[in-house]
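In: Sequence and predicted structure below; questions after.
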Amino acid sequence: MKYYSTNKNTPSVNLKNAVVKGLAADNGLFMPERIEKFNPSFFENIQNISFQEIAFEVAKNFFGEDVEEASLKEIVYDTLAFDCPVVKVADNIYSLELFHGPTLAFKDVGARFMARLLNYFLVENEKQVHVLVATSGDTGSAVANGFLGVDGIHVHVLYPKGKVSKIQESQFTTLGQNITALEIDGTFDDCQRLVKTAFLDEELNKKLLLTSANSINVARFLPQAFYYFNAYARMKEQGMLQNNELVISVPSGNFGNLTAGLFAREMGLPVAQFLAANNENDVVYEYLKSGEYNPRDSVETIANAMDVGAPSNFARILELYGHSHEKISSVIKGFRYSDEQIRETVKNVYEQTGYLCDPHGACGYRALEEFLGVGQTGVFLETAHPAKFTETVEGVIGNGNVPLPPKLAEFMKDERRVLPMSIDFQQFKEYLKQLK
Ligand SMILES: N[C@@H](CCOP(=O)(O)O)C(=O)O
């Protein structure tokens, strides 16, 4: 399969190149040249198929021509060493819990898959690979953990100083080994700008093998489609759909997660409607309403992983629907919530149902509550474990007792080690130039 750039100013590449380069040479995002539809019979029996089997079928659609079947199967099965269950929260509202992986956030699926696929492609490669990753909270830890201790790969995590939760920060600043945390005096968008500029810098690219592990990278982004298929299967299996239309609500920041859902729909997954639930970083929300897209600097919110002012994957959404505002705004409905509304939702859902949402999941839940009509069933993506946001969540539910899962407590033990850096690209470049 060939991958072309959304900017269409550079030749298409094969999967290996798309994964190893991350970003296209013309600053566009790679898109697969085809999206294969499943035969409708696949969905008739999907409830009888396991998560790993479903994921393997989806993976074959994208990667089957470029990765040997047995290896692809091993990569998929090894990636999904944990479950992504669907649980009932309220009448017709379900949570797709994506926080049962090693770093307790949805990024574990894509990051683990990418780490394994990169390893498959680089087996013969002698050169050290430098993975540059910008994070507003969750990607950094998932990528750091996915690549921890992997020979020949060094991960550099850029995160905005003071703008991620304490636990999120400890998850990528305490690991040491082949993981370096760069504390950037700016926003997530500044971090993303620095890494994208590095990918396009000729001098750096002559010297170093640089790649991205953000959802820019197709190997990080496409596997996120796995859990949409599995959610449908498990809901069907447990009689949660009852012939109702399925509405999926996605807390959205860089829009990789929602875009993966759109790809799943293009492959035939029966989804009636997607909801994009934003915090106050609402550039896509505005686009959906008006057709005007004006990226701008992000603002800080309590749903910090979604503090993105220039979402990378918007380019893929435009491409998927031929840049038609009409099509995009019919498939995706936008919702936007203030910090106050997010707190209110965490509290109300907890008091009314006993379910504790994290601030991002709360946006997803609220969008469903506002949108769902008769004959529809909704599922929201619970993108991270609420304990990753104890500072916020405990204050809201008035209960200083959100138990810290042992996996998270482990990260809090070690010493935090960071390299402070400004948003000046030259400083970042000097740092990269001294690497081997
Ligand atoms: N929400 C992210 C921001 C980066 O998104 P990605 O999906 O492109 O890696 C985070 O938590 O870091």
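Out: Now that the structure is in, tell me what you want to look at.

In: From N61, how far out is R34?
Out: 9 Å (CB to CB, to the nearest Å). Just so you know, the C-beta spots here come from the backbone N, C-alpha and C atoms, and that holds for glycine as well.

In: if you count what's nearby, which of these two comes out ahead?
Out: More crowded of R34 and N61, by other CB atoms under 10 Å: N61, with 19 against 11.

In: That one against G268, yeah?
Out: No. Counting by CB atoms under 8 Å, N61 does not reach G268; the two are 10.2 Å apart.

In: residues from the protein in reach of the ligand?
Out: Selection of the chain residues close to the ligand by CB under 6 Å from any ligand atom yields 135-140, 214-215, 253-254, 256, 305, 312.

In: quick one: which of those has the most company?
Out: G140 (32 neighbours).

In: mind listing the strands for the stretch 51-200 of the chain?
Out: 86-90, 93-97, 129-134, 153-160, 179-184 (DSSP state E, counting those that start in this stretch).

In: Tabulate the ones you listed in JSON lines, adding columns for mean pLDDT, mean neighbour count and distance to Q52.
Out: Listed next are the strands of the stretch 51-200 of the chain as JSON lines, based on pLDDT from 0 to 100; neighbours: other CB atoms under 10 Å; distance: least, CB to CB, whole Å:
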{"stretch": "strand 86-90", "mean pLDDT": "98", "mean neighbour count": "17", "distance to Q52": "16"}
{"stretch": "strand 93-97", "mean pLDDT": "98", "mean neighbour count": "23", "distance to Q52": "17"}
{"stretch": "strand 129-134", "mean pLDDT": "97", "mean neighbour count": "26", "distance to Q52": "25"}
{"stretch": "strand 153-160", "mean pLDDT": "97", "mean neighbour count": "25", "distance to Q52": "25"}
{"stretch": "strand 179-184", "mean pLDDT": "98", "mean neighbour count": "22", "distance to Q52": "28"}
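
In: In JSON lines: those strands, plus distance to I46.
Out: Shown next, in JSON lines, are those (distance: least, CB to CB, whole Å):
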{"stretch": "strand 86-90", "distance to I46": "13"}
{"stretch": "strand 93-97", "distance to I46": "15"}
{"stretch": "strand 129-134", "distance to I46": "33"}
{"stretch": "strand 153-160", "distance to I46": "35"}
{"stretch": "strand 179-184", "distance to I46": "37"}
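
In: gap between D339 and the ligand?
Out: 17 Å (CB to the nearest ligand atom, to the nearest Å).

In: Show the contacting residues for G186.
Out: Contact partners of G186, counting by CB atoms under 8 Å, 6 or more residues apart in numbering, are P160, K161, S422, I423.

In: Make a ChimeraX selection of the buried ones in the residues you listed.
Out: The ChimeraX selection below is limited to those of the contacts of G186 classed as buried (16 or more other CB atoms under 10 Å):
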select :160,423
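
In: Can you tell me which of the contacts of G186 is closest to C363?
Out: The nearest member of the contacts of G186 to C363, counting by CB to CB, is P160 at 19.8 Å.

In: Report the contact partners of whichever residue of the stretch 301-436 of the chain sits closest to the ligand.
Out: Among all residues of the stretch 301-436 of the chain, A305 sits closest to the ligand, at 3.6 Å; criterion: CB to the nearest ligand atom. Each residue near A305 by CB under 8 Å, 6+ apart is listed here: A105, S136, G137, D138, Q168, G253, H360, T383, A384.

In: And for the last one, nearest residue in space, chain neighbours not counted?
Out: With CB to CB, 6 or more residues apart in numbering as the criterion, A384 has its nearest non-adjacent residue at 4.1 Å, and that residue is A105.

In: I figured K327 hits E319, correct?
Out: No. Between K327 and E319 there is no contact under CB under 8 Å: 11.8 Å.

In: coming back round to it: from the contacts of A305, which single one is nearest Q352?
Out: Using CB to CB, the contacts of A305 come closest to Q352 at H360, 19.2 Å.

In: Would you mind giving the secondary structure of the closest one?
Out: helix (DSSP: H, G, I helix; E, B strand; the rest coil).

In: What of F229?
Out: Applying three-state DSSP: F229 is helix.

In: The residue nearest to A384 touches L98, doesn't it?
Out: Yes. Using CB under 8 Å, A105 is in contact with L98, at 7.0 Å.

In: Overlap in contacts, these two.
Out: T383, A384.

In: how about T135, what does it touch?
Out: Applying CB under 8 Å, 6+ apart, the residues near T135 are S141, V143, V157, L158, Y159, V164, F172, F188, C191.

In: Got the phi and psi for it?
Out: phi -140, psi 140 (degrees, to the nearest 10).

In: quick one: it and V393, what's the gap?
Out: 20 Å.

In: for Y3, same thing?
Out: 39 Å.

In: just V20 next, same as before
Out: 39 Å.

In: Also K407?
Out: K407 is 17 Å from V393, by CB to CB.

In: try C84
Out: Taken as CB to CB, the span from C84 to V393 is 21 Å.

In: which secondary structure element contains the nearest residue to K166 once chain neighbours are set aside?
Out: Ranked by CB to CB, 6+ apart and with sequence neighbours excluded, the top spatial neighbour of K166 is E391, at 6.8 Å. If you go by DSSP states H and E, E391 is part of helix 390-397.

In: Could you pull out the buried residues of that helix?
Out: Here helix 390-397 shows T390, T392, V393, V396, I397 as buried, counting by 16+ other CB under 10 Å.
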